[in-house]
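> Quick one: sequence and predicted model below, then my questions.
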Amino acid sequence: MPRPGESAGEIIYQPGNDQAPQDLLMLPEDAMRCYRGHEIAMIFQEPMTSLNPLHTCGRQVAEAIILHKKVTAREARRQTIALFERVRLPRPEEAYEKYPHELSGGRSKGS
């Protein structure tokens, strides 16, 4: 049993390719960076606590793509809109320009 301030357990990740399962808690920080954003990412459901209200949703997603994939801003925008299409946001190009408070429950207001 762990002492206060310590944690125990495992987080097993199975990549979508032929790689073996990986216990993420056993990885050093630099190895974890290979998974963060490339393989594993999330935005919590409450947009006002997960996204910066001063920036558009598209800009914030594109920023993560640029950081992790080292692509141009134009390519990051294209990939962001493709992701918005994949999760079935209505009018993905418009959603790119919306601020977090303008999206509700994964849907643009008025849709």
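Perfect, I can see it now.

> helix/strand/coil for residue 77?
helix (DSSP: H, G, I helix; E, B strand; the rest coil).

> How about the contacts made by the residue nearest to it when sequence neighbours are not counted?
Spatial nearest neighbour of residue 77, excluding adjacent residues (C-beta to C-beta, 6 or more residues apart in numbering): residue 62 at 5.5 Å. Quick note: C-beta positions are derived from backbone N, CA and C, even for glycine. Listed by C-beta atoms under 8 Å, 6 or more residues apart in numbering, the contact set of residue 62 reads 73, 76-77, 79-80.

> Which of these sits closest to residue 18?
Distance to residue 18, by C-beta to C-beta, is smallest for residue 79 among these, at 24.8 Å.

> just checking, the closest one touches residue 63?
No. Residue 79 is beyond contact range of residue 63, at 11.8 Å (criterion: C-beta atoms under 8 Å).

> which residues of the protein fall in helices?
Taking DSSP state H, the helices of the chain run over residues 29-35, 47-50, 57-69, 73-86, 92-97.

> In CSV: the ones you listed, plus mean pLDDT and distance to residue 7.
As requested, those are exported to CSV (pLDDT from 0 to 100; distance: least, C-beta to C-beta, whole Å):
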stretch, mean pLDDT, distance to residue 7
helix 29-35, 82, 15
helix 47-50, 64, 23
helix 57-69, 91, 25
helix 73-86, 96, 31
helix 92-97, 96, 37
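
> Dump those to CSV, plus distance to residue 12.
CSV is the format used below for the helices of the chain (distance: least, C-beta to C-beta, whole Å):
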stretch, distance to residue 12
helix 29-35, 12
helix 47-50, 25
helix 57-69, 22
helix 73-86, 25
helix 92-97, 33
